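Novice: Okay, here's the prediction I keep looking at, along with the sequence it came from:
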There are 2 protein chains.
Amino acid sequence: MAIPRAAQTQRRTRIQEEKQERILEAALDVFSARGFRGSTLDQIAEAAGMSKPNLLYYFRTKEAIHRQLIDRVLFTWLDPLKAFDADGRPESEIRSYIRRKLEMSRDFPRESRLFANEILQGAPHIEDELKGPLKELVDEKAEVIRAWARSGKIAKCDPYHLIFSIWSTTQHYADFDVQVRAVLGQNLSGEGRFEDAARFLEELFMRGLAIPKT
Amino acid sequence: MAIPRAAQTQRRTRIQEEKQERILEAALDVFSARGFRGSTLDQIAEAAGMSKPNLLYYFRTKEAIHRQLIDRVLFTWLDPLKAFDADGRPESEIRSYIRRKLEMSRDFPRESRLFANEILQGAPHIEDELKGPLKELVDEKAEVIRAWARSGKIAKCDPYHLIFSIWSTTQHYADFDVQVRAVLGQNLSGEGRFEDAARFLEELFMRGLAIPKT
DNA sequence: CGATAATTTGACCGATTGGTAAAACATGGC
DNA sequence: GCCATGTTTTACCAATCGGTCAAATTATCG
């Protein structure tokens, strides 16, 4: 009898964990490139090098795979923002936040696109997480930024839109990679584009937030 | 006999044009919300208030509908950038470009999301348009910006990444609308958020591009 | 009116979808 | 060796997919 359906029991053998990891790896490839609805279990199974029923032995449904991926991404996605330190120097905090987000676009483009796909399509699976943990974290950090502005350490600005602009500019290089490459052309679309982007964005935000010298 | 398949002949009656318009309207709703692969002809047909075979009488395939939508969006999407005037004052040109792009996110969010969906999934249908017309236009305008920087009218910066950052920050409010609303919460997520965004972005870019006073 | 062309629809098709059943296979402890 | 547990595969299913077809319906026009 095959009662236990690996996914249901608490993870046991290392074999199970390895297989589940292989599936998630494959699913990340497929989901991030084609969206949830556009992806098929056959594609994921093939990418994971196993049969479809075997895949469904480790995850009960297509949604279960997607859900677990999204949960992971959401968690690691918030990490750089958490590191935002109220006691640090505003300039270096913002600068390193930009750099870290940009590094994530460079090193984890699939995760970024998975998340973007989800939001684009109305975030049907994670609306609660957005309105809950994400909002709370952003609220907290927005207050930090606002305090910096009040005490004259940076220019007065709307902290929420500042955060949005850092998110959008950095994630752009992962989510719109095809467009970026197409526009920059062959000679400029190498990995150096991330260096250029970092330089540009840091200057833009540093100047944009510097206290105007009176 | 039903020889003429409205889509194949040159458009004739006004009825045909109206029906095709209704289909494109409905398809924009569906495609922008669910992506190409995630959308079904039945959904589009229902949204357009007609049967599926009737829909296929006006467009031969699902792809044909999508293609026409994409072509339209691509065209109107380039419009604000085309208006970028080399002879204008840099400050007002950039400022009004930002404003115009932001207005498009506010007034045509579906079009923005349709485009975003396409790019996110690797732009399988429009790679040529990106590498051709889009790249050429951006190259041209990038040269304008570079000239402004050389002649000291704005700060020195990479013009391509400047354009990318304007694209990403403004389109963010359409493509990631759900997230923006969730983070801002009920009280702040009204239409006023576009005003706030405009104020923030204009200041950010104006300060970020201003010549540092020596 | 009648006739011809344009439009709309119900029934249907093969392919693919997410998912299941059950048997075959592997593995490890005794 | 044995049996029990865990894993994988073959065969299959109902539902849905994009799309076709022929018949029914509606406009158009003399």
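Specialist: Yes, it's here.

Novice: Look up how far A:S151 lies from the closest residue to A:A147 other than its chain neighbours.
Specialist: Closest residue to A:A147 apart from its sequence neighbours, by Cβ to Cβ, 6 or more residues apart in numbering or on different chains: A:A86 at 7.3 Å. Every C-beta, even on glycine, is put in place using the N, C-alpha and C of the backbone. Noted for A:A86: a distance of 11 Å to A:S151, by Cβ to Cβ, to the nearest Å.

Novice: neighbour-wise, which of the two wins?
Specialist: A:A86 (13 against 9; other Cβ atoms under 10 Å in any protein chain shown).

Novice: Could you look up the SS state of that one?
Specialist: At A:A86 the chain is in coil, as set by DSSP: H, G, I helix; E, B strand; the rest coil.

Novice: Relative to chain B, how far out is it?
Specialist: Applying Cβ to the nearest Cβ, to the nearest Å, the value for A:A86 to chain B is 19 Å.

Novice: same thing with A:A147?
Specialist: For A:A147 relative to chain B (Cβ to the nearest Cβ), the value is 18 Å.

Novice: same check, this time on A:H66
Specialist: In terms of Cβ to the nearest Cβ, A:H66 sits 13 Å off from chain B.

Novice: Wait, that residue touches A:L28, no?
Specialist: No - with contacts counted by Cβ atoms under 8 Å, A:H66 stays clear of A:L28, the gap being 9.9 Å.

Novice: Can you give the distance of the lengthiest helix in chain A from its chain's centre?
Specialist: Determined from DSSP state H, the single longest helix within chain A is helix A:14-38. Once both centres are worked out by Cα atoms, centre = their mean, to the nearest Å, helix A:14-38 turns out to sit 16 Å from its chain's centre.

Novice: helices or strands up against it?
Specialist: If contacts are counted by 3 or more Cβ pairs under 8 Å, 6 or more residues apart in numbering or on different chains; DSSP states H and E, helix A:14-38 sits against helix A:41-48, helix A:52-58, helix A:62-82, helix A:109-120, helix B:14-38.

Novice: Point out the other helices and strands that the fourth one packs with.
Specialist: Contacting helix A:109-120 under the criterion 3+ Cβ pairs under 8 Å, 6+ apart are the following elements: helix A:14-38, helix A:62-82, helix A:90-107, helix A:159-175, helix B:109-120, helix B:159-175.

Novice: ok, A:L137 - contacts?
Specialist: By Cβ atoms under 8 Å, 6 or more residues apart in numbering or on different chains, the contact list for A:L137 reads A:L78, A:L81, A:K82.

Novice: Can you tell me which of these is closest to DNA strand C?
Specialist: A:L78 (28.0 Å; Cβ to the nearest atom of the strand).

Novice: residues touching that closest one, list them.
Specialist: A:L78 neighbours (Cβ under 8 Å, 6+ apart): A:P133, A:L134, A:L137.

Novice: Just the closest of those to A:R95, please.
Specialist: Using Cβ to Cβ, A:L137 comes nearest to A:R95 of the contacts of A:L78, at 19.8 Å.

Novice: returning to that earlier point: what about the longest helix of chain A, near DNA strand C?
Specialist: No - against DNA strand C, helix A:14-38 shows no contacts by Cβ under 7 Å from any atom of the strand, the least distance being 7.9 Å.

Novice: Quick one: residues in contact with that helix.
Specialist: With Cβ under 8 Å, 6+ apart, helix A:14-38 has contacts from A:6-7, A:11, A:39-40, A:43-45, A:47-50, A:55, A:58-59, A:62, A:65-66, A:68-69, A:72, A:109-111, A:113-114, A:117-118, A:121, B:34-38, B:117, B:120-122.

Novice: Buried only: go through these for me.
Specialist: Among the contacts of helix A:14-38, those classed as buried by 16 or more other Cβ atoms under 10 Å in any protein chain shown are A:6-7, A:39, A:43-45, A:47-48, A:50, A:55, A:58-59, A:62, A:65-66, A:68-69, A:109-111, A:113-114, A:117-118, A:121, B:34-38, B:117, B:120-121.

Novice: Can you give me the buried ones in stretch A:180-199?
Specialist: For stretch A:180-199, using 16+ other Cβ under 10 Å, the buried residues are A:V180, A:R181, A:A182, A:V183, A:L184, A:R193, A:F194, A:A197, A:A198.

Novice: how near is the fifth one to A:G190?
Specialist: I take that to be A:L184. For A:L184 relative to A:G190 (Cβ to Cβ), the value is 9 Å.

Novice: A:K52 too?
Specialist: Taken as Cβ to Cβ, the span from A:K52 to A:G190 is 38 Å.

Novice: Check A:G208 too.
Specialist: Counting by Cβ to Cβ - A:G208 and A:G190 are separated by 28 Å.

Novice: same deal with A:L81?
Specialist: According to Cβ to Cβ, A:L81 and A:G190 sit 29 Å apart.
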